[in-house]
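Asks: Predicted model and sequence below, questions to follow.
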Amino acid sequence: MDRRLRNRILIFLLLAGVSALILIKVSGRQPLAKISAVTPIRENIIASISSNGKVEPISPFVMRAQLDTFVERIHVVEGQAVKKGQPLLELNVKDAEAQLAQARSRLLRAQNDLRVAKGGGKPDAAAQVAGALATAIAQRDRLQRSHDALLRLIDQHAATKDELAANDLELTKAQAEVTRLTAAKQEFDRGVSLDANQAPLLVQQAQSEVAALEEKVRNGHITAPSDGTLYSLPVKTGDYVRVGDLLAEMANLHQVRVRAFIDEPELGALEPNEPVRITWDALPNRVWMGKTETIPKQVVARGARSVGELLCTVDNDKLELLPNINVNVRINSRERDNVLAVPRGAVEAEGNKRFVYVVKQGDFAKTKLEKREIHVGIADSTNYEVTSGLQQGEMVALPGDIDLKDGMAVRIMNTDASSVRGRQDAN
């Protein structure tokens, strides 16, 4: 065989063997896992709590019926702004007004009886009793003097015993009349004394009756206790109401209270005077701002939830938030500016520890994953604040269909915009 041809055959066989070895090695190697990755960047993170709540007036005035009667007249409409003292509605109090007139008449009589009792009784009756007794005493004294004079005259034989007997008969009658009139005067005085003791009580009872009826009549004229908005008027003209029935509710609605229902696990992050953002589905383009006020002191059951009831004060200058409506509540409990942020999806947990898979360049330009523990701070809906364990510019793997493992060889298929921004910031 020609030497040249033989050399060519040997070279061909050598190349074929090398190619075969390469093919064998390549065919036995596992394909690289294809993943996405991101380079964390610095951002502002606001940790917020979202829940639902109900709007309440801060200092409501609730007006209820104080008597059983009919609604006679209504002067306002629900939702109207009213001024202090403005008439709202009238109840039928005609019976109470008639009773009040009679009670006032009884009070006048009781007051007059008190003045008479303090003055010693009715003047004409007192004068009559005293005058009759004085006359009887004078008559008795006159007859007694006649009796004494007749005794002396009889001793002088100037008068007879018959004249003395006739005088003594009249004297006995006069003494009996004095005794009777003295008893009558004493009875009159006792009556005056009794009246003087009872009259103040009768006056007090009459005054209480008058005051109660005056209050009843006043309660028939319902007026606004302060400036505000009449947000509830459940009655109409002609309705029959009983004692305790709701007539109207009003309050100053320029500032309202929102009772937010916060789930138990989130209660520990609440503090007073934190900013609150309120939205209402009925006005989706409006936002109302407020602040937390009273932190929950207990947890209560609300349906299937265990919640604390957080009270928030909210500005309502345009009076758009109505009492008892349901609203959405977001509390910004904590805020961090310019912190290193990593997507929540890239962070995995083992107990109380958090870790990520950092993309590292290995030997022969191989890309591998390194499982690394990190410490996190606050979190929003998309990111965690990284406080330690990760440096700006390092790339972390994002979860996908493949379970990530420490030391896994990977191929980075794509990164999101934050990765590009992170590389630019790192450069």
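Replies: Okay, I see it. Given the structure is predicted, the values throughout are model-derived calculations rather than measurements.

Asks: I figured D406 was touching L369, is that so?
Replies: Yes: under the criterion of C-beta atoms under 8 Å, D406 makes contact with L369 at 6.5 Å. The way it works is simple: take the backbone N, C-alpha and C, and place the C-beta from them, glycine included.

Asks: Give the residues shared as contacts by those two.
Replies: The contact sets of D406 and L369 overlap at Y357 (C-beta atoms under 8 Å, 6 or more residues apart in numbering).

Asks: Where does pLDDT dip in the stretch 151-300 of the chain?
Replies: Residue ranges of the stretch 151-300 of the chain with pLDDT under 70: 188-189, 191-199.

Asks: those strands in it, which residues are they?
Replies: Per DSSP state E, counting those that start in this stretch, the stretch 151-300 of the chain carries strands over the ranges 221-223, 228-232, 240-241, 246-251, 255-263, 275-280, 283-294, 300-302.

Asks: Neighbouring strands - and their directions - for the longest one?
Replies: Sheet pairing of strand 283-294 (DSSP bridges) gives strand 275-280 (antiparallel), strand 305-315 (antiparallel).

Asks: Now do the last one and strand 255-263, the angle between them.
Replies: Computed with axes from the mean of the first three to the mean of the last three C-alpha atoms, to 10 degrees, the direction of strand 305-315 lies at 160 degrees from that of strand 255-263.

Asks: Strand 305-315: which residues count as buried?
Replies: Of the residues in strand 305-315, V307, G308, E309, L310, L311, C312, T313, V314 count as buried by neighbour count, 16 or more other C-beta atoms under 10 Å.

Asks: Quick check: the third one vs A269, distance?
Replies: In this structure, E309 and A269 are separated by 16 Å, where distance is defined by C-beta to C-beta, to the nearest Å.

Asks: Report the distance from the helix or strand encompassing H375 to the chain centre.
Replies: In the assignment (DSSP states H and E), H375 maps to strand 367-379. Offset of strand 367-379 from its chain centre (C-alpha atoms, centre = their mean, to the nearest Å): 46 Å.

Asks: CA atoms only: put it into CSV for me.
Replies: What follows is strand 367-379, C-alpha atoms only, in CSV (Å, rounded to 0.1, in the frame of the first residue of the first chain):
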residue,chain,number,x,y,z
THR,A,367,-23.0,28.7,35.8
LYS,A,368,-24.1,27.1,39.0
LEU,A,369,-26.5,28.0,41.9
GLU,A,370,-25.4,28.7,45.4
LYS,A,371,-28.0,28.3,48.2
ARG,A,372,-27.4,31.2,50.6
GLU,A,373,-29.2,32.3,53.8
ILE,A,374,-30.3,36.0,53.8
HIS,A,375,-31.9,38.2,56.4
VAL,A,376,-35.0,40.2,55.4
GLY,A,377,-36.7,43.2,56.8
ILE,A,378,-40.1,44.5,55.8
ALA,A,379,-42.0,43.3,52.8
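
Asks: Check which helices and strands the very next helix or strand once past it sits against.
Replies: Sequence-wise, the next helix or strand downstream of strand 367-379 (DSSP H and E) is strand 383-388. Where contact means 3 or more C-beta pairs under 8 Å, 6 or more residues apart in numbering; DSSP states H and E, strand 383-388 is packed against strand 41-57, strand 326-343, strand 367-379.

Asks: if you set the cut-off to 6 Å instead, what comes out?
Replies: strand 326-343, strand 367-379 (3 or more C-beta pairs under 6 Å, 6 or more residues apart in numbering; DSSP states H and E).

Asks: would TSV of these with mean neighbour count and distance to V203 be doable?
Replies: Output for the helices and strands packed on strand 383-388, formatted as TSV (neighbours: other C-beta atoms under 10 Å; distance: least, C-beta to C-beta, whole Å):
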stretch	mean neighbour count	distance to V203
strand 326-343	18	57
strand 367-379	17	73
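
Asks: Indicate which one of those is closest to S48.
Replies: Proximity to S48 (C-beta to C-beta) singles out strand 326-343 among the helices and strands packed on strand 383-388, at 5.1 Å.

Asks: C-alpha coordinates for the closest one, CSV please?
Replies: Presented in CSV, the C-alpha positions along strand 326-343 are these (Å, rounded to 0.1, in the frame of the first residue of the first chain):
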residue,chain,number,x,y,z
ASN,A,326,-68.2,49.2,53.6
VAL,A,327,-64.8,50.4,52.5
ASN,A,328,-61.3,49.1,51.6
VAL,A,329,-58.5,50.0,54.1
ARG,A,330,-54.8,50.0,53.6
ILE,A,331,-52.5,50.9,56.5
ASN,A,332,-48.8,51.8,55.7
SER,A,333,-47.4,50.3,58.8
ARG,A,334,-43.7,50.6,57.9
GLU,A,335,-41.6,52.3,55.2
ARG,A,336,-37.9,51.9,54.1
ASP,A,337,-36.2,54.1,51.5
ASN,A,338,-33.5,53.0,49.0
VAL,A,339,-33.1,49.4,50.3
LEU,A,340,-31.9,46.3,48.5
ALA,A,341,-35.1,44.5,47.3
VAL,A,342,-35.4,40.9,46.2
PRO,A,343,-38.7,39.5,44.7
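
Asks: If anything else comes up later, I'll come back, but that's it for now.
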